[in-house]
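>>> sequence below, structure please.
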Amino acid sequence: MRQQVKKISKLRTGDRLRAIRELTGLTQKEFAELLKVDLIHLKNMEYKKNRVTEECYEAMGLAFPELLPWFVYEGPVNLNGLRNSENKLCKFIAARIDAGLVPEGYFSEDSFRDGDTKEG
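Next comes the predicted model:
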């Protein structure tokens, strides 16, 4: 059962970068290595001291294609896409979301969808 998530205001990209890292359970060093970005630069992006670079967007898209809409513009997270991903980290993230292990303050009630389309 998923935990109740409260409504939050729009996040900056550095916040979304950090949220995805926290969902993976990786340290900043491990996440920087995964994305092939400099650790100091990753920290600065997370703390919003530097803008998220095009290289980081590209690395996130390659590493987490199912999370790219949420990372780029806070689009919905397709849980079925994460669950069925060929990427082990995406499957792990889906399991953490399903278990209610969502980092607090990053995701709204409307962030997660079980299918490809918005329920109407």
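
>>> for the spatially most central residue of the chain, what are its contacts?
Most central in the chain under Cα atoms, centre = their mean is Ile20, positioned 2.9 Å from the mean C-alpha point. Ile20 makes contact with Met60, Phe64, Leu67, Phe71, Ile93, according to Cβ atoms under 8 Å, 6 or more residues apart in numbering. For every residue, glycine as well, the C-beta is placed using N, CA and C.

>>> with just CA atoms, put the host helix or strand of the fourth one into PDB.
Read it as Phe71. Assigned by DSSP states H and E, Phe71 belongs to helix 68-73. Output in PDB follows, covering the C-alpha atoms of helix 68-73 (Å, rounded to 0.1, in the frame of the first residue of the first chain):
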ATOM      1  CA  LEU A  68      12.200  11.500 -17.800                       C
ATOM      2  CA  PRO A  69       8.800  13.300 -18.000                       C
ATOM      3  CA  TRP A  70       8.700  13.800 -14.200                       C
ATOM      4  CA  PHE A  71      12.400  14.900 -14.200                       C
ATOM      5  CA  VAL A  72      12.000  17.400 -17.000                       C
ATOM      6  CA  TYR A  73       8.600  18.900 -16.200                       C
END
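
>>> now what about that helix, what contacts it?
So helix 68-73 is contacted by Thr13, Arg16, Leu17, Ile20, Tyr57, Met60, Gly61, Phe64, Gly75, Pro76, Val77, Ser111 (Cβ under 8 Å, 6+ apart).
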